[in-house]
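Asker: The following block contains a protein sequence and its predicted model.
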Amino acid sequence: MADLKSFAEQLVNLTVKEVNELAQILKDEYGIEPAAAAVAVAGPAAGGDAPAAEEKTSFDVILKDAGGQKLAVVKLVKDLTGLGLKEAKDLVDGAPKELKAGVAKDEAEALKKQLEEAGAVVEIK
């Protein structure tokens with residue numbers, strides 16, 4: 001078990017250049033395409049959040065405030081989430097609340113646009 005821990009520590013401490021070299025070795029010698037693993041390891045090793053932000057593929061839609069048209073927002077939240085009317089109202093009343101998590105950027109933008117048209121204040125994280 002100690003050997004695996006030291007191996008994991010070595011992987012976590014790799015530089016971006018070393019991760020790319022490792023990916024190339026895995027591809028050339030073993031036929032393994034470690035694209036997802038390389039991005040996951042390269043993000044923390046780089047020490048910056050900018051590369052991770054560029055690669056982000058899932059987003060959370062946060063309802064910050066219902067705005068002036070609360071009833072319209074409750075109805076829209078009910079339709080978008082599949083919640084019952086009481087659950088949708090509770091979610092809107094409890095804002096700021098997460099409306100949907102782990103959605104694609106296009107879906108998150110579409111949800112934000114619909115909710116803002118209904119009068120809500122929405123944030124995408």
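Answerer: That came through, no problem.
Asker: Quick check: what element follows whichever strand or helix holds residue 113 along the chain?
Answerer: Using DSSP states H and E, residue 113 falls within helix 105-117. Remark: after helix 105-117, the chain's next helix or strand is strand 121-124, criterion DSSP H and E.
Asker: which residues are contacting that following strand?
Answerer: Strand 121-124 has contacts (Cβ atoms under 8 Å, 6 or more residues apart in numbering) with 59-67, 96, 99, 108-109, 111-112, 115-116. For every residue, glycine as well, the C-beta is placed using N, CA and C.
Asker: coming back round to it: any idea of the mean pLDDT in the helix holding residue 113?
Answerer: Mean pLDDT, computed over helix 105-117, is 85.
Asker: Who are the packing partners of it?
Answerer: Here helix 105-117 touches strand 59-65, helix 70-81, strand 97-103, strand 121-124, going by 3 or more Cβ pairs under 8 Å, 6 or more residues apart in numbering; DSSP states H and E.
Asker: Buried residues in that helix, which are they?
Answerer: By 16 or more other Cβ atoms under 10 Å, the buried positions in helix 105-117 come out as 108, 111, 112, 114, 115.
Asker: how long is stretch 9-21 from one end to the other?
Answerer: 17 Å (Cα to Cα, to the nearest Å).
Asker: same question, stretch 8-18
Answerer: Counting by Cα to Cα, the length from the leading to the trailing residue of stretch 8-18 is 14 Å.
Asker: tell me the mean pLDDT over that stretch?
Answerer: Stretch 8-18 comes out at a mean pLDDT of 81.
Asker: Buried residues, that stretch. List them.
Answerer: So stretch 8-18, judged by 16+ other Cβ under 10 Å, has buried residues residue 14.
Asker: Give me the below-cutoff pLDDT ranges for the chain.
Answerer: Low-confidence segments of the chain (pLDDT under 70): 1-2, 34-55.
Asker: Sweet, I'm off.
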